[in-house]
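Undergrad: from the sequence below, what's the structure:
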Amino acid sequence: MSRHSDAQELGRSAELLALEHLQGQGLRLLTQNWRCRRGELDLVMLDGDTVVFVEVRCRRHQNWGGALESIDARKRQRLISAAEHFLQQEARWSRHPCRFDVVAVQPSAGQSPAQLNWIPNAFDT
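TA: Down below sits the predicted model:
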């Protein structure tokens, strides 16, 4: 298995963990891996009446700050642009409040479970 496919598999399993966690917290999945020319949205979920755009970050060897800090200004702008495009394409959600969350996943070491850190409103400063 190549290093690239290892990273893709790690990303897929991190997204699944994040999805299961957020559904356990009462969020409802609208779509997953939504793509457009502006970028990709990992998870789009509904929290009450709020549309939540979730970026899932997985880091093998970083502390928690590393996953959130890996979303630089350019990446944020791409996510915001993709979210705007999603809302234009999916007009039924366009009048709902929106937010951007980040779920940082640190893979398990050995038998221990993966650690997950959910950061609601991650782009608010």
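
Undergrad: now the end-to-end length of stretch 37-51.
TA: Stretch 37-51 has an end-to-end distance of 21 Å (criterion: CA to CA, to the nearest Å).

Undergrad: same check, this time on stretch 40-57
TA: 13 Å.

Undergrad: immediately after the helix or strand bottoming out on mean pLDDT in the chain, which helix or strand?
TA: Ranked by mean pLDDT, DSSP states H and E, the weakest helix or strand in the chain is helix 64-69, scoring a mean of 62. Toward the C-terminus, helix 64-69 is succeeded by helix 73-89 as the next helix or strand (DSSP states H and E).

Undergrad: got any ranges where the chain has weak pLDDT?
TA: 1-5, 60-68, 110-112, 125 (pLDDT under 70).

Undergrad: other SSEs contacting the helix or strand hosting residue 11?
TA: Secondary structure from DSSP H and E places residue 11 in helix 3-24. On a contact count with 3 or more CB pairs under 8 Å, 6 or more residues apart in numbering; DSSP states H and E, helix 3-24 meets strand 28-36, strand 39-47, strand 50-58, strand 98-106, strand 115-119. Using the backbone N, CA and C atoms, a C-beta is placed for each residue, glycine as well.

Undergrad: relative to residue 45, how far out is the most centrally placed residue in the chain?
TA: Residue closest to the average C-alpha location in the chain (CA atoms, centre = their mean): residue 55, at 2.1 Å. Taking CB to CB, to the nearest Å as the criterion, residue 55 is separated from residue 45 by 12 Å.
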